[in-house]
Each structure stands twice: as structure tokens, then as C-alpha cells.
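Enquirer: below are the sequence and a predicted model; questions follow.
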Number of protein chains: 2
Amino acid sequence: MNPIDELNMKGELARKSSYYLARMSSDEKKSALMHAAKLIVENSELIINANKEDLIQARNNGITGPLIDRLILDNARINSMAEGLNQIALLEDPLGEVLSMKKRPNGMHIGQIRVPLGVIGIIYEARPNVTVDAFGLCLKTGNAVILRGGKEAINSNTAIVRIIQESLVSQGFPPEAVQLVGNTDRESALAMMKLNKYLDVLIPRGGAGLIRTVVENSRVPVIETGVGNCHAFVDESAKTGMAEEIVINAKTQRPGVCNAIETLLVHSSIADTFLPVICDKLREHKVEIRGDKYVREIIGYAVPASEEDWYAEYLDLIIAVKVVHSLSDAINHINKYGSQHSETIITENYTNSQRFLSEVDSAAVYVNASTRFTDGFEFGFGAEIGISTQKLHARGPMGLKELTTTKYIIYGNGQIR
Amino acid sequence: MNPIDELNMKGELARKSSYYLARMSSDEKKSALMHAAKLIVENSELIINANKEDLIQARNNGITGPLIDRLILDNARINSMAEGLNQIALLEDPLGEVLSMKKRPNGMHIGQIRVPLGVIGIIYEARPNVTVDAFGLCLKTGNAVILRGGKEAINSNTAIVRIIQESLVSQGFPPEAVQLVGNTDRESALAMMKLNKYLDVLIPRGGAGLIRTVVENSRVPVIETGVGNCHAFVDESAKTGMAEEIVINAKTQRPGVCNAIETLLVHSSIADTFLPVICDKLREHKVEIRGDKYVREIIGYAVPASEEDWYAEYLDLIIAVKVVHSLSDAINHINKYGSQHSETIITENYTNSQRFLSEVDSAAVYVNASTRFTDGFEFGFGAEIGISTQKLHARGPMGLKELTTTKYIIYGNGQIR
């Protein structure tokens, strides 16, 4: 079947099943999630065998290193995916929440209630755990989901989705609550981006290239996730011990993730004393320092930072370092070069802390803490779909509520205009 | 200047001024809005003269009827635009609202606060009053706005924006808080849709064709507004007098607007008695009846409804009428053919009223009231930017809050992961 026909067919089935899902009770969804978790574990061998086919194919195609690692499924990883479903099952169901209810002068009662989005599309790359995770979050929030994973994981994904569908049927749910796109060519991704007739939202999960392609081509409303060019600004009044701890943590604790910092801004009045200490510590952690000319005057081993470095999301043990002459300089730099993800100021100055919180235009703005906390679990949501770097619908870590919308319901007794 | 250069320049200026606007206090914005209202009234003659040029051009281009009427500005209409600004000035400022604030186990306080979107783009057609209205709503919510109006109103819009900018400067605001795109070719609209570097959201205000073009071409997140194929379903248990009043009101009180009904669904068990009464009344209001075969068996003067009629947004004195055999049939018809705007059931059956509210997938779902109430003012918001028929970010009538986003602010004292 060509990808456009496949997507249209799956879109229609997803839409129909979404009406069904919207009517399921919290208890029914909880049971369905737990049953799916159980069936996944019971079928571990089947999943691992399918995964082996993907791994053979991947190695034949010359794929190596971290990409292979992301693809591998073993018993521990399968148990962990199932455990994720059990955790989602236990979270509070956000649906049905009454956000407001008021009586109008003409006697009508107008209420706003939380309802599912409907049909969610997710385009992702190699990790097969996203398949289980996305299913769990969407089912919990009463949404049907169409998954378009990468070709590297197609056998693993097919096996997983088949098991979940079998589980759904046994629990009285429509199997089309979760569907996998069989075609993994570029054409199927593009067809999905044009499926605005059936999809209420499209969420890309993956690298900057994938996200850019989706933003540029999608007619379906998109939630942009993940690109993080995050900053730490060490103000002149900072406690330097705290500043060192935060900068080292934010850069080195897990450099490959979106909430790690990529640029360090240091106030000029403490540059002479603070830079040598922090740069030596960063170097001990094998971090490459790229500095502007002021930094390079102080730090002999710093390599020159180019204009592109200020825009870069390294996701690696590299940091761009710049000396700024005021809080305003720091804020302007962040708002110009950043990706509006997460930024932190280390300061003891009250006014500066408030100005930083207010004027930095990012999803999460910190005072005296590491940017590494920008995460649905760390924020206490119990789940995370991704971290939105756009301003529409959701901003920052997205939990279950961000997979819902609202609806106005109006109780009248004959009112006309 | 070519449209791409013009938009990039205006985008950069808008972004810069948006940081400034975000810092203005509620009182300062209130004064600025009231001053702009005053200056618009004082410069009525200048605006009317510019408008005359538009009218001459329009007549030379063979434009007539309602399109000319929408374009005309006289003293009454200018006063009414200014009055609109004064009303916006008096509304509560939604910015700064703390939506949540909690202490995490590690001692960090995480708060979510309401902030401006940043830069809003609005593409609209002939009505020059949108220029003033959009400016007022955006300034109130701390957003910079780039306006791209239709070529028919370019002289009127230019005059209005110049007066507003003069007023802004006199009040200490950046004039780039509101900018008008000078180029009114199709190219400037397309350039605006690609301006995702500077625009946080794009709102099309106009007909279905404009909205479709924006949805299909925009890289900027869009809020879809306005298309309304609304339904009334008269259930078997309806009070027929109430049903007649609601159907007549929803169809005829103002047929050209998006919350008027386009299709009437009648339960088969009351079709024989209800249809002759309601159809005669609709005919008295000069409404053309297009019926399915069951309707035509009862109503001799009904013309045949085609498949396209069920999808149609007539915005005119035409109604499609269909007999359905159950509540489920009615819900399925609405979910299949509707535009997810506003629907009403007229019923005395409790279970059916609850099922209709729950299962109809539209922005506003009514029991025993006219769909004509779907409106920001009628809902008590004090303002309206449009009526969203999408599910992301905003659904239904949009007030000031829908022109805002949120930001997480985190107060730490040295926390690291």
C-alpha cells in the first residue's frame, strides 16, 4: 500500500477509535495499561527475536556505536518498558477535570472541562522504548496514537505493537488505539505531516534535523520538542563554590541531553578569579573550552569561539565561555542565541535574580540551581512526553495534561440571543 | 523592499520591542491604550480621508456590496473602534498570574507563571477595525504584533497604525509594538508564514480560503479560527416550542456568522409533526430548506441535499435538514461532517443530554440553548480574538488569556542533580 493510502486508512481508524477511548473510564484504562505491561513481559522472547533481526540489518548497514546501543532490547530493557506502563497506570487521570464553571446572567451554565486531544501522531527515530512509552501516555489520556518509528527498529516496533493490540482487544479496547506505520520511507513521514484531516497534533521525538523537517513541512499542528542550547550566567555576587558545583553539574553530569548547558557567561568583574578555577575543573572533566577573546586572555588553553559556537547545541563535552559586562548583556546574549529551553543565574543579588527570571524568555528559568532539573519527573509530573520549546499549547516539560485539550459545555433551558 | 526583507526587518524589531513590552506594568499599558483611543478619535478626519482613497480604488476595481460596506470608515465606526480600546484597557491584565507554585523534595520552588507569547502575526482581509482591535488585544497582553491586512484597506490601515505608533511613542512605548506590512501581495503573506524565526504564533482572520492557505503553508504555529458548520439536533423528547425558538434563532438571527447553525437533525419519531412546523417557520424567515429523502417525503418544498451540503458552511439563509434515527446517528453525523465549532441538542432526556455533551467532539456543546452564544463576550471574557476550532493551545472563544503562554521559574539554593 502506498504511504498516503496507508496513513489515510490508519487515520480514519484512529479517529473512530478515539471516540471509543474518550468514553473509557479511568479504571478501565488502568487495567488495560497493566495488562499490556504483563503481556509485553510474557512475550519478551518474541520481542528480543524481532529485535535481533533489526540488529542484523543495522550491522549490515554499517550502523555502530551508540545507535546500535539505543536499538538493543534485552530482558532488563523490556522489563523497564513494562514498568513504565505500570507507573503511568497509577498516575491520576487528568480527564474530566472541570477547569471552570459559571452561571451567566441569562441563566446558562458554562463549564470548561478537560478532554482528550483525539488522535496524536508521533514521529521518532531508533529507540523502540518510545513505542511503549507513547502508547502508555496516549492511552492514559484517552487519545488514539499513530506511531511512525524509524526503519532501524521496524521489526521490534511491529512485534511490540502487535502484542499491545492483542492486549487491548482482550481488555475490550479497540486495537486501533495504537497503530504503527508500516512504511518507513521518507514518504510516510511526509504523508503523516499532511494528515491534518485525522491528526490533532504531531509530536516529533528525535534530533534537531527531524524536528526542523517536521516544523517546515507539517500541516498538522506541531509541538516542537527538545533542542536545548542552555546557559549558566555567573553574576558578580555569586557564591563561587555554588557556581562551580552548578556549572560542573549542568555541563558534565549528562552532556548528551537537552537540559545540559552549552554556554557559560561570566561577569567581567569576577572573570579574573572565577574563570581559572571553573575552567580547570571543567578540563578535569575532559570538557573542551571555547572562549571569546576576554576568556582567552585569562585561560591559555581555551580555543577561540566563533559566532556559530554561541548558537551550538553540542550535546558533548564542549562548552562555549563568554565574559559579559552586565546582567543586561547576559540576558541579551541568552535571548539572542539561546533555544528558549533552560537557563540559570548564579547570584546573591535580589534584584538581578528577579530581573533574570522576568526578562529571560525561556521555558524554564532558574536561580541558583542546575538546568538539569528541566524534566517531567524532576518537576513532579510523574511522566514526560518531551520538553516543549515552543510557546503554543505547552511550554517546558510536558506531562499528561499537555496531551489533553478542553471543551466548553453549556447547560441551558431555552436561551436564545 | 522585497517582502522577505521587509518581514525580516519588522520581525527583528518586533522581537526587540516584545522584551520591552513584557516589562511594562498593567497601569502603563492601560494608559497607552486609552491614549491611543483618544488620538484615533482626534485624527478621525485623517483616517476618513485615507479610507476614501481605499474606497475609490475598490470601486475602480469593481468591488461592490458587502465588501465595500466592510471597508467604509465613518465617525461612528471610528468612535466604536476607539471605544473598543477603552474597553480592553479596563479588562484585568492576565499577565503574572501564578498558575502553580510548589516546593520539591530537594527544596527548590517551582512556579508556573503567565507571560506574553512574544510576537504575534495576524493576517486578515478587508475590515480596518481589525487593525485597532488586534493592536489593543496584543498590547494588553504584552505582545508585539505584526499586521498584514488586505490590499483593499492599505491606506486606512497605514493611517491608523501611524496614529497608534505616534501615540505609543508619546507614552514611552516602542512604536514597533505594532507594525503594518506595507507589501500586500501574496508574497508578503507567504513570507510571514515562513517567519518562524520571529513569530511565536500566526492567527488568520478571514474566510475559509485564507485560513486553509495559512494552515497549509505556515511554519509558524497557527491558531485556526472561525469555520463553523454548526448543528442543532432535536431529540424525540424535546419541548417543541423551545426547539423551534432555538432553531430559528440559531439559523436566522445572524446567518453570516460562524456560530449560526447550518444543519438541523431531527429524530425520526417526531419528524412527522415537528418538521412541517419548523420548516414553515424557517420559510417565513426566507430560509431555503435542503432535505434528505425522509425530509422531502414530509416537506414538499424542500430541495434535495447532496453529500456536499452536509459539509457546507453556508453563512446564508440556507439550511440542510436530515432525519436521524437515534442519538448515536446524530452524534456520528456531527463528528463526521461538522467543523468542531458549536452544536446543540434540544432534549428533555437526561441521559441523552449527558451523552451529547460527552461524545460530540466540538469546541462548544450545548443543551437546550442556541449555538449563537459561542462568543468571547457572551462567555464573559470581555474580549475576543477569534474562535479556535483546533484543539492545540486554545479551543472555542479566545479571550486575553489565549494570547499568553507560561514560563517555569525555579528558585534554588544550590541544587544539583
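Expert: Yep, it's here.
Enquirer: okay, whatever residue of the stretch 151-300 of chain A ends up closest to chain B: pLDDT?
Expert: Nearest residue of the stretch 151-300 of chain A to chain B: residue A:249, at 3.7 Å (C-beta to the nearest C-beta). Every C-beta, even on glycine, is put in place using the N, C-alpha and C of the backbone. The model reports residue A:249 with a pLDDT of 98.
Enquirer: counting contacts, what elements does the helix or strand that contains it pack onto?
Expert: Assigned by DSSP states H and E, residue A:249 belongs to helix A:240-252. Here helix A:240-252 touches strand A:230-234, strand A:261-267, helix A:268-284, strand A:342-346, strand A:364-369, strand B:404-415, going by 3 or more C-beta pairs under 8 Å, 6 or more residues apart in numbering or on different chains; DSSP states H and E.
Enquirer: pretty sure the residue of the stretch 151-300 of chain A closest to chain B contacts residue B:412?
Expert: No: assessed by C-beta atoms under 8 Å, residue A:249 is found out of contact with residue B:412, at 11.5 Å.
Enquirer: overlap in contacts, the two.
Expert: residue A:370 (C-beta atoms under 8 Å, 6 or more residues apart in numbering or on different chains).
Enquirer: how about the helix or strand harbouring residue A:213 and chain B, touching?
Expert: Assigned by DSSP H and E, residue A:213 falls within helix A:208-217. Yes: on the criterion C-beta under 8 Å from any C-beta of the partner chain, helix A:208-217 is in touch with chain B at A:215-216.
Enquirer: tell me which residues in that helix are buried?
Expert: A:210-211, A:213-215 (16 or more other C-beta atoms under 10 Å in any protein chain shown).
Enquirer: which residues touch the nearest residue to the residue of the stretch 151-300 of chain A closest to chain B once chain neighbours are set aside?
Expert: Distance criterion C-beta to C-beta, 6 or more residues apart in numbering or on different chains; nearest residue to residue A:249, sequence neighbours excluded, is residue B:416 at 3.7 Å. By C-beta under 8 Å, 6+ apart, the contact set of residue B:416 is A:245-246, A:249-250, A:253, A:369-370, A:372.
Enquirer: now those as CSV including distance to residue B:88 and neighbour count?
Expert: CSV is the format used below for the contacts of residue B:416 (distance: C-beta to C-beta, whole Å; neighbours: other C-beta atoms under 10 Å in any protein chain shown):
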residue, distance to residue B:88, neighbour count
A:245, 48, 17
A:246, 43, 28
A:249, 46, 21
A:250, 42, 29
A:253, 47, 15
A:369, 38, 29
A:370, 41, 30
A:372, 42, 24
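Enquirer: report the two of those residues separated the most.
Expert: Farthest-apart pair in the contacts of residue B:416 is A:253 and A:369; separation 12.9 Å (C-beta to C-beta).
Enquirer: related to what we said a few turns ago, and the angle from the helix holding residue A:249 to strand B:404-415?
Expert: 120 degrees (axes from the mean of the first three to the mean of the last three C-alpha atoms, to 10 degrees).
Enquirer: contacts for the lowest-mean-pLDDT helix or strand in chain A?
Expert: Ranked by mean pLDDT, DSSP states H and E, the weakest helix or strand in chain A is helix A:66-71, scoring a mean of 87. Residues from elsewhere that reach helix A:66-71 (C-beta under 8 Å, 6+ apart): A:51, A:54-55, A:58-59, A:63, A:126-128, A:152-153, A:156.
Enquirer: cool, and stretch A:268-284?
Expert: Against stretch A:268-284 from outside (C-beta under 8 Å, 6+ apart): A:234, A:236, A:238, A:240, A:243-244, A:247-248, A:251-252, A:264, A:266, A:289, A:294-295, A:298-299, A:301-302, A:319, A:321, A:323-325.
Enquirer: among those residues, name the buried ones.
Expert: For those, buried by 16+ other C-beta under 10 Å: A:234, A:236, A:238, A:243-244, A:247-248, A:251-252, A:264, A:266, A:289, A:294-295, A:298-299, A:302, A:319, A:321, A:323-324.
Enquirer: quick one, domains of chain A?
Expert: A:3-225+A:395-411, A:230-373 (automatic domain parsing).
Enquirer: can you say which of those domains is nearest to residue B:116?
Expert: Per C-beta to C-beta, nearest to residue B:116 of those: domain A:230-373, 9.2 Å.
Enquirer: as JSON lines, the contacts of helix A:66-71 with distance to chain B, neighbour count and pLDDT would be great.
Expert: Shown next, in JSON lines, are the contacts of helix A:66-71 (distance: C-beta to the nearest C-beta, whole Å; neighbours: other C-beta atoms under 10 Å in any protein chain shown; pLDDT from 0 to 100):
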{"residue": "A:51", "distance to chain B": "31", "neighbour count": "23", "pLDDT": "97"}
{"residue": "A:54", "distance to chain B": "32", "neighbour count": "26", "pLDDT": "96"}
{"residue": "A:55", "distance to chain B": "32", "neighbour count": "19", "pLDDT": "96"}
{"residue": "A:58", "distance to chain B": "32", "neighbour count": "19", "pLDDT": "94"}
{"residue": "A:59", "distance to chain B": "35", "neighbour count": "11", "pLDDT": "93"}
{"residue": "A:63", "distance to chain B": "31", "neighbour count": "16", "pLDDT": "88"}
{"residue": "A:126", "distance to chain B": "25", "neighbour count": "21", "pLDDT": "74"}
{"residue": "A:127", "distance to chain B": "22", "neighbour count": "22", "pLDDT": "87"}
{"residue": "A:128", "distance to chain B": "26", "neighbour count": "29", "pLDDT": "93"}
{"residue": "A:152", "distance to chain B": "28", "neighbour count": "23", "pLDDT": "93"}
{"residue": "A:153", "distance to chain B": "28", "neighbour count": "28", "pLDDT": "95"}
{"residue": "A:156", "distance to chain B": "30", "neighbour count": "27", "pLDDT": "97"}
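Enquirer: tally of neighbours for residue A:288?
Expert: For residue A:288, the count of nearby residues is 15 (other C-beta atoms under 10 Å in any protein chain shown).
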